[in-house]
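>>> Okay, here's the prediction I keep looking at, along with the sequence it came from:
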Amino acid sequence: EDQVTQSPEALRLQEGESSSLNCSYTVSGLRGLFWYRQDPGKGPEFLFTLYSAGEEKEKERLKATLTKKESFLHITAPKPEDSATYLCAVQSLANAGNMLTFGGGTRLMVKP
Amino acid sequence: DSGVTQTPKHLITATGQRVTLRCSPRSGDLSVYWYQQSLDQGLQFLIQYYNGEERAKGNILERFSAQQFPDLHSELNLSSLELGDSALYFCASSARPQAGTTYTGELFFGEGSRLTVL
């Protein structure tokens, strides 16, 4: 069974204080690892897909990296508008469909 | 705006009742997914349909059922509702891989239907 664990559950940062979110996973053949952002009362919004260990993707202040067992979402000099819940998910080669298995998320709060 | 439309946005009902949630996928997307999000369980996959046929099944209760119609919209039916069924129900759709483009496997989520069972 695919499993995704995210840590920490919640993270408070001061504006400009860089940090990283962790996503540990076990999967029967990784098709892709996904990062989503979710604002309160909204649906998850796609950020990145990573396919293989060593891959990195960047978007503005966010950078996602992938190893064989975990992924990190690095946030550089965050701003208050980066406050959201960040979700990690995996897609398995063993599944017939393209379903995603999500972790519990990290709730990020950035204070000005 | 993801292009995925869900109705209703909010629904309040009583235990034992039945409700239907509706989802219209993005134009051209053949796959529809249903997810349940509750405070203690996170986002849980329920079921996927592809072009009208069931493709994958997750932790969907027997009291719940879904279908995808010829026009590709989907409905999730929840019956004999219990207090624990209170949650946000999300629909998502995904694009079909196109030749010559990188397939991201991205799911596009709607804004959800918030179900409250009293």
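Looks like it came in fine.

>>> Can you tell me the closest non-neighbouring residue to residue 14?
No chain specified, so I'll use chain A. The spatially closest residue to A:Gln14, leaving aside those adjacent along the chain, is A:Lys111, at 5.7 Å (CB to CB, 6 or more residues apart in numbering or on different chains). For the C-beta atoms, the positions are set from N, CA and C on the backbone; glycine is no exception.

>>> Let me rephrase: I mean chain B.
Nearest residue to B:Ala14, sequence neighbours excluded (CB to CB, 6+ apart): B:Leu118, at 5.6 Å.

>>> Hmm, the one you found is touching B:Gln17, no?
No - using CB atoms under 8 Å as the test, B:Leu118 is too far from B:Gln17 to be in contact (9.8 Å).

>>> With neighbour numbers in mind, choose between those two.
The neighbour comparison of B:Leu118 against B:Gln17 (other CB atoms under 10 Å in any protein chain shown) goes to B:Gln17, with 13 against 10.

>>> where in chain B is pLDDT low?
B:97-104 (pLDDT under 70).

>>> interface residues of it facing chain A?
Contact residues (CB under 8 Å from any CB of the partner chain) of chain B with chain A: B:2, B:4, B:31, B:33, B:42-45, B:48, B:50, B:55-56, B:58, B:90, B:92, B:94, B:104-112.

>>> Would you quantify the distance from B:Arg22 to B:Phe64?
B:Arg22 sits 14 Å away from B:Phe64, going by CB to CB, to the nearest Å.

>>> could you pull out the strands for chain B?
Along chain B, counting by DSSP state E, strands occupy B:5-7, B:10-13, B:19-24, B:31-38, B:42-50, B:53-57, B:64-68, B:74-78, B:87-94, B:108-109, B:113-117.

>>> rewinding a little: next up, the contacts around the residue nearest to B:Ala14.
B:12-15, B:83 (CB atoms under 8 Å, 6 or more residues apart in numbering or on different chains).

>>> Quick one: residues contacting the spatially most central residue of chain B.
Centroid-nearest residue in chain B: B:Trp34, 2.6 Å away (criterion: CA atoms, centre = their mean). Residues in contact with B:Trp34 (CB under 8 Å, 6+ apart) are B:23, B:45-48, B:60, B:66, B:74, B:76, B:89-91.

>>> how many neighbours does A:Glu17 have?
For A:Glu17, using other CB under 10 Å, the count is 14.

>>> burial count for the residue lying closest to it once chain neighbours are set aside?
Distance criterion CB to CB, 6+ apart; nearest residue to A:Glu17, sequence neighbours excluded, is A:Pro78 at 6.9 Å. Neighbour count for A:Pro78, taken as other CB under 10 Å: 22.

>>> who touches the closest residue to B:Trp34 other than its chain neighbours in this structure?
Distances taken as CB to CB, 6+ apart put B:Leu46 closest to B:Trp34, at 4.2 Å, once the chain neighbours are dropped. When contacts are counted by CB under 8 Å, 6+ apart, B:Leu46 touches B:33-36, B:57-60, B:64, B:66, B:76.
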